[in-house]
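*Asks:* quick check, what structure comes out for this input:
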Amino acid sequence: MTGMGWAALAGGSFALTLALLVAWFWPRHVDLADALTRLAPVTHPSRTHPREQPATLGSTDRLGRWAQNTLPARLWLRTPARDLALLGILPTRFYGEQVSCALAGLATAPLLAAALGLLGIAVPFTVPAAATLLLAAAMFHIPHYTVADKATKARTEFRRGLSLYTGLLAQRRISGSGVPQAMENAATGTGSWVLNRIAATLDKTRTSGVRPWDALKDLADQVGVPELRELAETLEQAATENTAIYDNLRNSAKAQRNALRNQDLAAANAIAVRMSASGAFMALTFLLLLLAPSVMRLLTPV
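*Replies:* Residues are numbered from 1 along each chain as shown. Have a look, this model is predicted:
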């Protein structure tokens with residue numbers, strides 16, 4: 001192959017890699033209809049008989065659907081269903097992102113080998129072949145870590161919103177509202193996405209026949225927030241046994257805020273430790289740079 005051919009191959013590989021990376025980092029728009037379907041209780045018809053996906057799927061969703069139907073199921077290892085439900089990401093999109101990252105890994109090693117060939121550096125065939133497989137396998141799991149990191153932050157925000165919701169519930173109950181009415185009123189009129197999601201879940205109970213506290217239990221199981229299940233059990237007890245729960249709600253909201261504050265303090269301490277370690281490392285590096293000339297003169301024979 002001539003130099004022009006190698007240049008064309010390197011340019012095409014680089015363009016493909018760049019396009020895949022841009023597609024991966026491009027902001028996503030969640031399908032509201034699909035998100036509301038996943039928010040519905042387990043017994044809701046939309047969950048027991050899922051509707052067909054819309055025809056206008058993105059390229060990543062189409063790629064993920066093809067991969068899900070074509071590739072072996074054991075390839076996906078473990079799908080983070082709770083994290084995806086919390087973030088409102090379709091499983092097919094998640095699979096598509098995995099395949100896109102793997103394709104980017106497949107294109108990176110040949111690109112580097114072609115670039116080295118243009119520079120006159122001969123690389124054995126086994127090296128780029130092994131690097132291609134390793135990069136593809138490593139980049140295939142990047143969406144797992146990305147989703148897990150985003151879900152951890154979203155779950156913390158969910159707990160913050162839940163503490164606010166618990167306090168609003170206590171205010172609604174002390175004003176004389178019934179449990180179902182207090183649950184709906186406390187979740188409306190705020191800009192919190194957590195309360196908006198709770199409100200969407202409670203809104204579906206009007207037509208599904210599911211009790212609102214059972215819907216919150218299903219939501220807690222879907223997104224992996226046990227504090228929401230505990231709150232739903234408290235509300236169920238108040239509704240079925242007609243017990244006063246104002247003090248319990250106030251204490252629960254206070255306990256949630258304390259837990260979040262302790263979590264923030266632990267995170268701040270961890271950041272301070274990392275900053276101290278970084279500062280010590282930089283000071284040590286600066287000291288070594290200062291001492292290096294003197295040590296070199298001592299070690300150099302006259």
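
*Asks:* so where's the stretch 1-150 of the chain uncertain?
*Replies:* 1-57 (pLDDT under 70).

*Asks:* let me see the ranges of the helices in it.
*Replies:* Using DSSP state H, counting those that start in this stretch, the helices assigned to the stretch 1-150 of the chain run over residues 3-25, 32-39, 45-48, 59-70, 81-87, 91-118, 126-140, 142-174.

*Asks:* repeat for the stretch 201-302 of the chain
*Replies:* Here the stretch 201-302 of the chain has its helices, by DSSP H, counting those that start in this stretch, at 212-223, 226-241, 246-299.

*Asks:* so which of the ones you listed is the most surrounded?
*Replies:* The highest mean neighbour count among these, using mean count of other C-beta atoms under 10 Å, belongs to helix 212-223: a mean of 22. Any C-beta I mention is one placed from the backbone N, CA and C, and that applies to glycine too.

*Asks:* residues in contact with that one?
*Replies:* 38-39, 41-42, 82, 85-86, 155, 158, 179-180, 183-184, 197-198, 201-202, 204-205, 208, 210, 226-229, 231-233, 235-236, 239 (C-beta atoms under 8 Å, 6 or more residues apart in numbering).

*Asks:* give me the mean pLDDT for that helix.
*Replies:* Average pLDDT, helix 212-223: 90.

*Asks:* now do that helix and helix 226-241, the angle between them.
*Replies:* Taking axes from the mean of the first three to the mean of the last three C-alpha atoms, to 10 degrees, one finds helix 212-223 and helix 226-241 inclined to each other by 170 degrees.

*Asks:* and helix 212-223 with helix 142-174, angle?
*Replies:* 160 degrees.

*Asks:* how far away from the center of its chain is helix 212-223?
*Replies:* How far helix 212-223 lies from its chain's middle: 20 Å, per C-alpha atoms, centre = their mean, to the nearest Å.

*Asks:* what of stretch 114-125?
*Replies:* With C-alpha atoms, centre = their mean, you get 39 Å for stretch 114-125.

*Asks:* CA atoms only: put that stretch into CSV for me.
*Replies:* What follows is stretch 114-125 as a C-alpha-only set of coordinates in CSV (Å, rounded to 0.1, in the frame of the first residue of the first chain):
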residue,chain,number,x,y,z
ALA,A,114,-1.3,3.2,10.7
ALA,A,115,0.1,6.5,12.2
LEU,A,116,3.3,4.6,13.3
GLY,A,117,3.5,3.1,9.8
LEU,A,118,3.5,6.5,8.2
LEU,A,119,6.3,7.5,10.5
GLY,A,120,8.3,4.5,9.3
ILE,A,121,8.0,2.5,12.6
ALA,A,122,7.2,-1.1,11.8
VAL,A,123,4.7,-2.7,14.3
PRO,A,124,4.1,-6.5,14.4
PHE,A,125,0.6,-7.5,13.4
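
*Asks:* give me the domain ranges for this structure.
*Replies:* When the chain is parsed with automatic domain parsing, its domains come out as 3-140, 155-257.

*Asks:* next up, the contacts around the closest residue to residue 136 other than its chain neighbours.
*Replies:* With C-beta to C-beta, 6 or more residues apart in numbering as the criterion, residue 136 has its nearest non-adjacent residue at 3.8 Å, and that residue is residue 105. If a contact means C-beta under 8 Å, 6+ apart, then residue 105 has 132, 135-140 as its contacts.

*Asks:* residue 79 versus residue 105, what's the distance?
*Replies:* Distance, residue 105 to residue 79, using C-beta to C-beta, to the nearest Å: 20 Å.

*Asks:* got it, and residue 244?
*Replies:* Going from residue 244 to residue 79 by C-beta to C-beta gives 43 Å.

*Asks:* so the two - more neighbours on which side?
*Replies:* Counting neighbours by other C-beta atoms under 10 Å for residue 244 and for residue 79 shows that residue 79 has the greater number, 16 against 10.

*Asks:* mind checking which of the domains of the chain is nearest residue 278?
*Replies:* With C-beta to C-beta as the criterion, residue 278 lies closest to domain 155-257 of these, at 24.5 Å.

*Asks:* quick one: end-to-end length of that closest one, please.
*Replies:* Taking C-alpha to C-alpha, to the nearest Å, domain 155-257 runs 14 Å from one end to the other.

*Asks:* centre of the chain versus that domain, how much separation?
*Replies:* 24 Å.

*Asks:* over to stretch 138-158?
*Replies:* Centroid separation between stretch 138-158 and its chain, computed with C-alpha atoms, centre = their mean, is 3 Å.

*Asks:* over to stretch 254-274?
*Replies:* 21 Å.

*Asks:* contacts for that stretch?
*Replies:* For stretch 254-274, using C-beta under 8 Å, 6+ apart, the contacting residues are 156, 159-160, 162-163, 166, 227.

*Asks:* fine, thanks again, bye for now.
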